[in-house]
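In: sequence and predicted structure below; questions after.
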Amino acid sequence: MSSVAADMAVKSARAHDITDPKRPASQHNWLFILAAGWLIVVLFFVVFGRWLPFIQDPTAKDAQAIAQSPSWDHWFGTATFGQDVFARVVEGGRISLFVGATVTFIGIFLGGLLGLLAGYLRGWVDSLVRLLISVTLAIPALLLVIFIVTIQGQSLKNVILAVSLLAIPALARIVRASTLQVADRDYVKAAQVLGVKKGSILVREVLPNVMPTLVSFAFLTFGIILVAESSLSFLGLSVEAPTITWGSIIAEGRIKFSDTPHMVFLPGAVLFLTVLSLNFVGDQMLKRFDIKESGL
Amino acid sequence: MIVLVAVLVAVLALAAWIVRVAGWRFALQRLGGSLLIVVLVTFATTVLLRQVGVDQSQKDTLVELGLPPSSQPCVASLGTGADVATVEKCVEDRGLDKNVFAQYAGWVSDLLHGDLGYAFYKNKEPLTTTLQQRLPRTAWLFLYSQITALVLAVPLGIWAAYQAGRKPRRVPRWIFPLVLLAMLGVAFSVGWGFAAVMFGAILLPIVVYNTYRGGPPGDTTVNTTAFVLLSIPVFVLGESLRYLFAIKRDWYQLTGYKPWSAGVTAHIGSIWLPALVLGLAATPVYLRLLRADMMQNLQQDYVAVAKAKGMSNTHILIRHVLRPSTVTLLTVAGLNIAQLVNGAIVVEFIYDFDGMGSYLIEAVARREFFAVQTIVALVAILFVAANTIVDLLYTVVDPRVRATVSS
């Protein structure tokens, strides 16, 4: 997903500019606010969930309330042993979002560094980075992650490590393409002619202009990573059993599907809305920050 | 045999064509690059195989038993009940006692001799048998899903790109509440649940209404729907459709795959839902790309020229605008194989579809590291090969690329 989705996002963002240059950018702002708001709400619940009074203990079993549908007492219903599903979703978000955030940061840092160096220095550095990217992306993402996690063992550290291996090349490729564009600009050439050091040009001229694209793609990458981690835990290959993740709640609910559809659909909806919001925010930022040749 | 010869002839003919069009240097460059990537990827999987997690105490135990410390994959596949001699034989057979390079060389030579190792180490079931049995199923799944995706994406993509530059149809405002009411009525009389009514009867009229209007609203609706579809994780989509079609209604039986020889209806009936899920996951990717690409093409001067010459809109759209976009579509289809493999693993797991994806999960659960490594390597080879072919085809199909390559 990573590579195709990324290319496509750039392409569709640009296509938008071709069609309606006159349409004001603020027209869909309320959707942006809605998406960002959802992300903030999810983040709030996940971070402060353990201290919120109305969220129950995610592991407390209740023989009186087994596999109940949503009600006022249990907003998302109850699980197979009577645990509160809403509390489990809040708790599960900790792992899911933590993996997503950590991997995105690693990806931005290492992928951004590789991409910048490759795109600016060219030559053998570029060849090496491109080879690295092609080699890593030659294995379908989920397959690679499954392979690494089975070999290294299912722990949080290994899941993060494996998923990072997927985010770094994807982001490196985007940053490289973006850097190639920026490095061609007159102000970079002017700095070179003036004899500014390479490192200084990279940090002060190139990086600030690559950053917006990088940050927009960070949102898209976050979404991709979230789906990858959830798929992994859905298959039962992420962090080991007692730890709750969004994928593992869904995997538990699907076993007795007709009894506990709420355990699949409600966490699924939360995951879907989060990914949708991340994609939307990333897409909008890309449209806003995309450097247009015609605009210069 | 005949099929093999035919494939060989076709490949040779294609190769000859590419060489004629693009020149030796370009073709060899691409092939060399791909070969390098394949070698590096497969080597990396071999290196990873030796990293199978063992702590120091386990290593010490292995050494005490007279085994090399890297023999953990063998121990894992054979189970802890296996005796030392069996493990030793496995270690020797898989080259774990040698260094990485020798092990890799052994693996490559086995591969070239058609020996892929065992699917399940304990009962010595060869992986080739499993592949013969299960690969066709996954291949059919891929084929049907791609057909579904293209059938949905191409017409919608063309339509959306075309409508984006047109005026919407004038529709009286009061039509919309009417459509909404009608849909609500239908939904309640059919007896859908509240959630289904919310989605089905409020969003659907918006989609239908805007699609009927066409123009930018129609385009936006199609594009937004694709965007939303793109954000649904494959496993959530798969589980939702399983609930809808296999649990609430029995339109799809989870009885496993039936081959063509069992009859057309049995075959299609056993595969349509997983194929639909994979197809729906691929549709927005193709749709959005095709739409974006066609919008760029519609801005070209040759479109204006064609229009000025008096050609019909349909002719312009298909011959002048869609044709250059097929090249892009081809590239994305090649890249999308990775996405397809990811999807197949999840979808086959959901639908108990016994293809390669569910075999992989099974092999992982049984700690068959050798089989998993071989499959990962084979998928990587397939992916790189497909993309190389697409890359080379690119030069054949698109004269513009040809011009830049040969100059």
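Out: Thanks, I have it. Residues are numbered from 1 along each chain as shown, chains lettered A, B, ... in the order given.

In: tally of neighbours for residue 138?
Out: With no chain named, the answer covers chain A. 24 (other Cβ atoms under 10 Å in any protein chain shown). The C-beta positions use only the backbone N, C-alpha and C, and glycine is treated the same way.

In: try chain B instead
Out: 24.

In: try B:Asp352
Out: The number of residues near B:Asp352, taken as other Cβ under 10 Å, comes to 12.

In: leaving out sequence neighbours, find the closest residue to it.
Out: Nearest non-adjacent residue to B:Asp352, counting by Cβ to Cβ, 6 or more residues apart in numbering or on different chains: B:Leu254, 5.6 Å away.

In: tell me how far that neighbour lies from A:Phe272.
Out: 24 Å (Cβ to Cβ, to the nearest Å).

In: same check, this time on A:Val193
Out: Taking Cβ to Cβ, one finds A:Val193 at 51 Å from A:Phe272.

In: ok, now A:Lys256?
Out: Here the criterion is Cβ to Cβ. By it, A:Lys256 lies 22 Å from A:Phe272.

In: the more surrounded of those two?
Out: More crowded of A:Lys256 and A:Phe272, by other Cβ under 10 Å: A:Phe272, with 19 against 12.

In: close to chain B, is the strand or helix carrying the more buried one?
Out: Assigned by DSSP states H and E, A:Phe272 falls within helix A:262-289. Yes: legend: contact between helix A:262-289 and chain B by Cβ under 8 Å from any Cβ of the partner chain is shown at A:Val264, A:Phe265, A:Gly268, A:Leu271, A:Phe272, A:Val275, A:Leu276, A:Asn279, A:Phe280, A:Asp283.

In: what residues of that helix count as buried?
Out: Buried residues in helix A:262-289, counted by 16 or more other Cβ atoms under 10 Å in any protein chain shown: A:262-287.

In: what helices and strands are in contact with it?
Out: helix A:2-19, helix A:29-48, helix A:85-106, helix A:207-234, helix A:246-253, helix B:215-231, helix B:234-242 (3 or more Cβ pairs under 8 Å, 6 or more residues apart in numbering or on different chains; DSSP states H and E).

In: now do the shortest one: distance to the chain's middle.
Out: Right, helix A:246-253. Centroid separation for helix A:246-253 versus its chain: 19 Å, with Cα atoms, centre = their mean, to the nearest Å.

In: what angle do that helix and helix B:234-242 make?
Out: Relative orientation of helix A:246-253 versus helix B:234-242 (axes from the mean of the first three to the mean of the last three Cα atoms, to 10 degrees): 30 degrees.

In: show residues contacting helix A:246-253.
Out: A:79-80, A:85, A:88-89, A:92-93, A:96, A:229-236, A:238, A:241, A:260-264, A:267-268, A:270-271, B:235-236, B:239 (Cβ atoms under 8 Å, 6 or more residues apart in numbering or on different chains).

In: quick check: angle from the helix holding A:Phe272 to helix B:215-231?
Out: Using the same axes, to 10 degrees: helix A:262-289 against helix B:215-231 is 130 degrees.

In: now helix A:262-289: average pLDDT?
Out: In this model, helix A:262-289 has a mean pLDDT of 88.

In: and it with helix A:207-234, angle?
Out: Orientation note: helix A:262-289 sits at an angle of 170 degrees relative to helix A:207-234 (the same axes, to 10 degrees).

In: show me how far helix A:262-289 is from its chain's centre.
Out: Centroid separation between helix A:262-289 and its chain, computed with Cα atoms, centre = their mean, is 10 Å.

In: could you tell me which residues of the stretch 101-250 of chain A lie near chain B?
Out: So far as Cβ under 8 Å from any Cβ goes, the stretch 101-250 of chain A lies against chain B at A:131, A:134-135, A:137-144, A:146-148, A:150-153, A:223, A:227, A:230-231, A:234-235, A:237, A:247, A:250.

In: picking that back up, using CSV, lay out the helices and strands packed on helix A:262-289 together with distance to B:Tyr121 and mean pLDDT.
Out: Formatted as CSV, these follow (distance: least, Cβ to Cβ, whole Å; pLDDT from 0 to 100):
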stretch, distance to B:Tyr121, mean pLDDT
helix A:2-19, 33, 56
helix A:29-48, 42, 90
helix A:85-106, 32, 89
helix A:207-234, 25, 89
helix A:246-253, 27, 89
helix B:215-231, 40, 88
helix B:234-242, 29, 91
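
In: nearest to B:Gly165, out of these?
Out: The minimum distance between B:Gly165 and these falls on helix A:2-19, with 7.0 Å, by Cβ to Cβ.

In: figure out how far stretch A:69-77 is from the centre of its chain.
Out: 29 Å.

In: with that, I have no additional questions.
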